[in-house]
Each structure stands twice: as C-alpha cells, then as structure tokens.
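*Asks:* After the sequence you'll find the predicted model.
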Amino acid sequence: QVQLVEFGGGLVQAGGSLRLSCLTSTLAFSGNAMGWFRQAPGKEREFVSAISGSGGTTYYADSVKGRFTISRDNAKNTVYLQMNSLKPEDTAVYYCAASTHPINVVDFVRYWGQGTQVTVSS
C-alpha cells in the first residue's frame, strides 16, 4: 500500500518559516506530479502548490506566490514545501498529494498523506 508521510509542521510566529517534507514510495512518486493542499477549520481543502514529475514546472496558489517554494528530490522520493513570511491565515492542516499524471495534480490525485498541522500565531 502506498503511503505518503509528512514532516515539518508546527507552531510559528507570523513572519517565520517552516519547511514541510513528504516522503513516499517510488511507485507513487516516480514521474508523477506532486502537490500540497491545505484545509483550515470550517473551510474546504484548497490547492497550495504543485510540481511536475520532472521538477521543471511549478504551480502556486495566488495566496502563497512569492512566499512558498515547492521542490522535489527524485533520488529520495521526497517533495518539500518551504514556507516563508508565514501569516496567521496560513494556519491549516497541510496535506501532501501524489498524482497519477506527470503535470496535473488537482484533477489526478491518487494518494493523500495524513496531514500535518501548521499554526501561525499573530
């Protein structure tokens, strides 16, 4: 069974930084787009960022552009989300997602991580 395991969530003050990591198996990772989504209390899950299977193309929600950076290490089957200049509105559970498509994550999510809590205090 494919598993996605996230690391790196926590509590940080506004303006601070966190780096999330998502480790998965080669079956889920190799050649497939990976992404991050988040869900705040009382809100629907929303797209945050994605990276193509090759790592050459990245996508960001407007709300995080210029502050978050997604990357992947194909040798380690790991995708990262570097989050800088964090704001209280970034508080949410962050989920890693593995796609079955080399570019599209939103429409082809196959596997989800268990989620990691990010809390940004004001």
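*Replies:* Happy to help now that I have it.

*Asks:* all contacts plus neighbour counts: C-alpha atoms, from now on.
*Replies:* Will do.

*Asks:* Measure how buried the nearest residue to Val79 once chain neighbours are set aside is and give me the count.
*Replies:* Once flanking residues are discounted, Val79 sits nearest to Arg72: 4.2 Å by CA to CA, 6 or more residues apart in numbering. Other residues lying near Arg72 total 22 when counted by other CA atoms under 10 Å.

*Asks:* What separation is there between Arg72 and Ser30?
*Replies:* 11 Å (CA to CA, to the nearest Å).

*Asks:* do Arg110 as well
*Replies:* 13 Å.

*Asks:* who does the helix or strand that contains Thr119 pair up with?
*Replies:* Following DSSP states H and E, one finds Thr119 within strand 116-121. In the sheet, strand 116-121 lines up against strand 10-13 (parallel), strand 92-99 (antiparallel) (DSSP bridges).

*Asks:* which one of those strands is the most hemmed in?
*Replies:* strand 92-99 (a mean of 25; mean count of other CA atoms under 10 Å).

*Asks:* Run through the bridge partners of the most centrally placed residue in the chain.
*Replies:* The centroid of the chain falls nearest to Trp36 when counting by CA atoms, centre = their mean (2.5 Å). For Trp36, the beta-bridge partners under DSSP bridges are Ser49, Cys96.

*Asks:* in this protein, which spans are helices?
*Replies:* Shown for the chain, the helices assigned by DSSP state H span residues 26-29.

*Asks:* Looking at Arg110 and Ser30, which has the bigger crowd around it?
*Replies:* Set Arg110 next to Ser30 and count neighbours by other CA under 10 Å: Ser30 wins out with 18 against 14.

*Asks:* how far away is the more buried one from Ala75?
*Replies:* Taking CA to CA, one finds Ser30 at 9 Å from Ala75.

*Asks:* How much space separates Gln39 from Ser30?
*Replies:* Gln39 is 26 Å from Ser30, by CA to CA.

*Asks:* lowest-confidence helix or strand of the protein?
*Replies:* helix 26-29 (a mean of 76; mean pLDDT, DSSP states H and E).
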